[in-house]
Every structure is written in structure tokens, then in C-alpha cells.
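> this one's sequence-less:
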């Protein structure tokens, strides 16, 4: 195309990362921003630095603009699939925040809509673009780990402070919200943490070119904030189509400083990213001849170089890289995280919750490339 792609962004929270990225991208122009809370919408636009930004409180009105080619869906997580389908119906390409949705049925409807329209869709899993992911991929491709047979990941993020929000966009804990009568529960209050699985599972599936086929999951129940109903933590064991075993821990309502961590264990070596107070990632390669001893890796050696544009964005540069990956997919026609890979990343979390609600019973995970997606039981 001769002109830049026109971008419309839905969401004034996480969506502002994409306003920043696409206002600096050579192939895009941010034309519109949509949010339900008018004061928050105006404040977000004023702070964006983007001139001439059209503001909408009506999503359907923004979708009617013919000069918008791409919609970034960064609305409430429980509305991602609905808002993505609306954009596809309006003949817009879609970059959606994670996960695809929290409802199995909505995920099926979304997959059907992408197939029917033939339009471009990508889920914005930014953890695939952490600067150390290319290093881990390099270890695997070079055979330093041998055959990877087991992997773990953790995403521990205490988000109780954003369970409530007022019309101005200020967030509160449950206790704080009682002092602010206008504060209402957000979509994050009351969900199962394992449904927010894509940051943990996505990189493992990408690195190992794999897919989960079975899960058993247990939940702690809601103890830290029982009034909100969020389980403190959930742990799931997955079996993959290539015979690997994954263990994933996700916690959103627990007294912990926070952690995002991955480890890969193979027949010839292992690697761990930083965890807790550990200052550096560590590797163990049998070929180095040092028996049963980790070797620390300097961050400059562990992280791949990134551009100045990426360095200026959030999450270690991954926000820019995610936004750019979508544009490269628009050009090539091949999305890095297409609708089927999106469901590979999302559906295992929904199935894991089904397992947890049934005392850890094993649950089959359907492949959305097949009709099996229509056979999964309610629950």
C-alpha cells in the first residue's frame, strides 16, 4: 500500500502502549482512541503526545471510519473476543491484547469469525519478544540443551491494587475502594489466574514448537482476598503433543513481590532465567565439562540487542517489537501468532480451570485447527 495503515485503539490503559508504538512506526498512523470513561479518555489522549487524535466513547462509531485499517483491542480481558469480532465484522484487521478471551465459547466464535472473514488477526503476546528469548532459542537450535523434555514457568503478579477503579481511571484495592463510593470492580476481580496463561505458556510453546494436549490443575482457593473470589494461585501440569511435560504456576492474589520466570531442562543441559533475588540467569551445559554446577550469564550476553525505538517502549522493549511484528505480518500475510496459535496459547488455561474445578481431573485440550473445538464439554 502507498499510504500508512490507519490505527484505531480501543482501551485507554494498556492501549496507550500501542498508541505510543504506532505513533512512532514508519508504516502506521494512529487516528483514533476509544474508551468508555470520557474523563479518562481525554486525559489519556492529552498525555499521548499524538496530535489530531479523534476520541470516541462509542466503539461502533470508531469502527465505521473507512480510513482505519487496524483495530488494537486493549479493552477489558473478558471482552477481547467480542470486540475483536466486531472489528472483523467492520472489515478491520485486529491486534488483540492477551488472552484471546476468558470464555471457551467466545474463543470458538472468534476462531470462526477469523476463518469466515479471512482477515488478519494476531494476539499480542509480548513475552515472545523479551530480549532473552532469541538467546534461549539459540541454545535450543545449537543443541546445547539436547532434547528438551521438561519446562516450567511462573507468573506471579499481585494485582489486588487494580481490582477496583473509579471514573477517572484511578485504581484501588478492595479496602481502598470502600473510601471511594464511585469505584467499581474491574474485570480482573473474580477471575482464575490460570486463565491469564499466555505470558507463561506462550514462550514455551514458541521456543519448543509444541502444543498442549492434556492438563491437570489444582487451585489454592481464595484466601488472601476471599471477598473478591480470586484464587491465590493455581498450578497446572501439561502434557504436550511432542511428549514433553510443563509445569506452570500463576498467582495474582498473593503476598509476593512478583516474578516472571522460565526454565528449560534437556538431555544435555538446562537454563533458567532470573527468579526472585537471583541477580542473573544461569545455564548448565554438559559440553562445558563442569559437573553439576550452574554458570551465571551476564545480562549483556543473555539479552539480544534491540533498536532505540524498542528500548523506548515498555516491558524491556517487547511492546515495540510486538507492535512491529504485527505490521510485518500485515505485509507478509503470515502472522507470528495467528488465530490457531492464539488458541494454542489461550485454551490450555481455560481447560486448566475446568480441571481445577473438578479436583484436578485430567482434561483434554482440543486443537482449534480441527472440529474437536466444538466437542469440548461445558464447564
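Sure thing, it's come through. Just so you know, these numbers come straight off a predicted model, no measurement behind them.

> all contacts plus neighbour counts: C-alpha atoms, from now on.
Fine.

> so what are the domain limits for the protein?
For the chain, automatic domain parsing gives the domain ranges 5-125, 129-304+337-374.

> and the end-to-end length of the first one?
If I follow you right, that is domain 5-125. End-to-end span of domain 5-125 (CA to CA, to the nearest Å): 21 Å.

> residue ranges for the helices of the stretch 101-250 of the chain, please.
104-117, 133-141, 174-177, 198-208 (DSSP state H, counting those that start in this stretch).

> Need the ones you listed in a markdown table (columns: mean neighbour count, distance to residue 24 and mean pLDDT).
Shown next, in a markdown table, are the helices of the stretch 101-250 of the chain (neighbours: other CA atoms under 10 Å; distance: least, CA to CA, whole Å; pLDDT from 0 to 100):
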| stretch | mean neighbour count | distance to residue 24 | mean pLDDT |
| --- | --- | --- | --- |
| helix 104-117 | 18 | 28 | 98 |
| helix 133-141 | 17 | 24 | 97 |
| helix 174-177 | 16 | 37 | 95 |
| helix 198-208 | 22 | 25 | 98 |
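
> if we can go back for a sec, for the domains of the chain, which one sits closest to residue 311?
Of all the domains of the chain, the one in closest proximity to residue 311, counting by CA to CA, is domain 129-304+337-374 (10.1 Å).

> The helix ranked longest in the chain to helix 198-208, inter-axis angle?
If you go by DSSP state H, the chain has its longest helix at helix 339-356. Here helix 339-356 runs at an angle of 120 degrees relative to helix 198-208 (axes from the mean of the first three to the mean of the last three CA atoms, to 10 degrees).

> Quick check: mean pLDDT of whichever helix or strand comes after helix 339-356?
Counting by DSSP states H and E, the next helix or strand C-terminal to helix 339-356 is strand 363-364. Strand 363-364 carries an average pLDDT of 96.

> try stretch 255-264
96.

> again, but for stretch 48-63
Stretch 48-63 shows a mean pLDDT of 97.

> what's the closest of the helices of the stretch 101-250 of the chain to residue 354?
helix 104-117 (10.5 Å).

> for the closest one, the distance to its chain's centre please.
Helix 104-117 has its C-alpha centroid displaced from the chain centroid by 18 Å (CA atoms, centre = their mean, to the nearest Å).

> Could you quantify the relative orientation of it and helix 339-356 as an angle?
Interaxial angle, helix 104-117 versus helix 339-356 (the same axes, to 10 degrees): 170 degrees.

> Mind giving me the packing neighbours of helix 104-117?
Contacts defined by 3 or more CA pairs under 8 Å, 6 or more residues apart in numbering; DSSP states H and E place helix 104-117 against helix 80-89, helix 339-356.

> check contacts around residue 158.
Neighbouring residues of residue 158 by CA atoms under 8 Å, 6 or more residues apart in numbering: 251-258.

> If we use 7 Å, what do you get?
252-256, 258 (CA atoms under 7 Å, 6 or more residues apart in numbering).

> Check residue 247 too.
151-153, 236-238.

> Ok, residue 294 next?
When contacts are taken as CA under 7 Å, 6+ apart, residue 294 is in contact with 282-284.

> thinking again about what came up before, just the contacts of residue 247 now: which is nearest residue 353?
The shortest approach to residue 353 among the contacts of residue 247 belongs to residue 236, at 9.0 Å (CA to CA).

> State the number of residues packed around the nearest residue to that closest one once chain neighbours are set aside.
Once flanking residues are discounted, residue 236 sits nearest to residue 217: 4.1 Å by CA to CA, 6 or more residues apart in numbering. Using other CA atoms under 10 Å, the number of residues around residue 217 comes to 27.

> these two touch, right, residue 217 and residue 360?
Yes - with contact defined as CA atoms under 7 Å, residue 217 counts as touching residue 360 (4.9 Å).

> shaky segments in the protein?
1-2, 377-379 (pLDDT under 70).

> what do you get if the cut-off is 50, keeping everything else the same?
Residues of the chain meeting the criterion pLDDT under 50: 379.

> Dump the helices and strands packed on helix 104-117 to a markdown table, plus mean neighbour count and distance to residue 172.
Shown next, in a markdown table, are these (neighbours: other CA atoms under 10 Å; distance: least, CA to CA, whole Å):
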| stretch | mean neighbour count | distance to residue 172 |
| --- | --- | --- |
| helix 80-89 | 22 | 23 |
| helix 339-356 | 25 | 26 |
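
> closest one to residue 136 among the ones you listed?
Nearest of the helices and strands packed on helix 104-117 (CA to CA): helix 339-356, 18.8 Å.
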